[in-house]
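Novice: I'd like to go over a predicted model; first the sequence, then the structure.
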Amino acid sequence: MSGRESKKDNDLFFTCSLIEYIARKTKNKRSVIVDLIGKTCIAKIYDLADVYHSDNIERVSDDFIEECKIPQGDFDNVSVALYAVPSHWDIGKVYKRLILGIRKETGGSVVEALVLAYHSFVSDKIDDYNSSFYYDAPQNILNAFLTGEIE
């Protein structure tokens with residue numbers, strides 16, 4: 001561990017930020033991006049995140065958009081936001097914390113927890129930048145995932 005978090009936690013942060021970046025660029029829901037990239041490729045991104053992180057995220061995203069044949073969609077939560085839009089790094093951090101919490105609760109792999117997070121109703125709430133849910137306390141977001149309801 002170097003810095004404030006482990007290297008693998010930082011790799012997860014980059015993986016989630018890249019998913020967010022690709023989703024915004026192609027105007028797709030985050031769950032669609034996760035499905036199109038697939039578990040094997042997500043595991044590759046996670047394993048090699050330190051290498052990808054040293055490159056320009058624009059180019060890295062273009063490579064995965066092409067490799068995974070990700071089409072343009074029509075989900076544009078950025079343009080409908082009424083307030084300041086969080087960066088892809090901000091949202092990557094939200095998902096990283098959620099995924100680590102899910103993994104701790106379920107005992108599964110990081111990739112399995114990632115798929116669960118992006119396919120949950122919580123993902124739709126995080127992606128609504130007109131609500132305040134995405135900057136709620138990490139434990140509250142995890143609790144919403146675990147209980148299936150927002151308190």
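Specialist: Received the coordinates, thanks. Worth saying up front: this structure is predicted, and the values here are computed from it rather than measured.
Novice: going forward, measure contacts and count neighbours with C-alpha atoms only.
Specialist: Will do.
Novice: what packs against the helix or strand of the chain with the lowest mean pLDDT?
Specialist: Across the helices and strands of the chain, the lowest-confidence element by mean pLDDT, DSSP states H and E is helix 49-53, at a mean of 89. With contacts defined as 3 or more C-alpha pairs under 8 Å, 6 or more residues apart in numbering; DSSP states H and E, helix 49-53 has these neighbours: helix 7-26.
Novice: Can you pull out the residues in contact with the helix it packs on?
Specialist: By C-alpha atoms under 8 Å, 6 or more residues apart in numbering, the residues outside helix 7-26 that reach it are 1, 29-30, 33-34, 42, 45-50, 53, 57, 61, 65, 70-73, 76, 78, 88-93, 95-96.
Novice: Any of those residues buried? List them.
Specialist: Buried subset of the contacts of helix 7-26 (neighbour count, 16 or more other C-alpha atoms under 10 Å): 29-30, 33-34, 42, 45-46, 49-50, 53, 57, 61, 65, 70, 76, 78, 88-93, 95-96.
Novice: Need the CA coordinates for stretch 81-94. CSV is fine.
Specialist: Output of stretch 81-94 as CSV, limited to C-alpha atoms (Å, rounded to 0.1, in the frame of the first residue of the first chain):
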residue,chain,number,x,y,z
ALA,A,81,-28.3,18.1,-15.6
LEU,A,82,-29.6,21.3,-14.1
TYR,A,83,-26.6,21.7,-11.8
ALA,A,84,-22.8,21.3,-11.9
VAL,A,85,-22.0,17.9,-13.4
PRO,A,86,-19.6,15.7,-11.4
SER,A,87,-16.5,14.6,-13.2
HIS,A,88,-16.0,11.1,-14.4
TRP,A,89,-13.3,10.8,-11.7
ASP,A,90,-15.9,11.9,-9.1
ILE,A,91,-18.4,9.3,-10.2
GLY,A,92,-15.6,6.7,-10.4
LYS,A,93,-14.9,7.3,-6.7
VAL,A,94,-18.6,6.8,-5.8
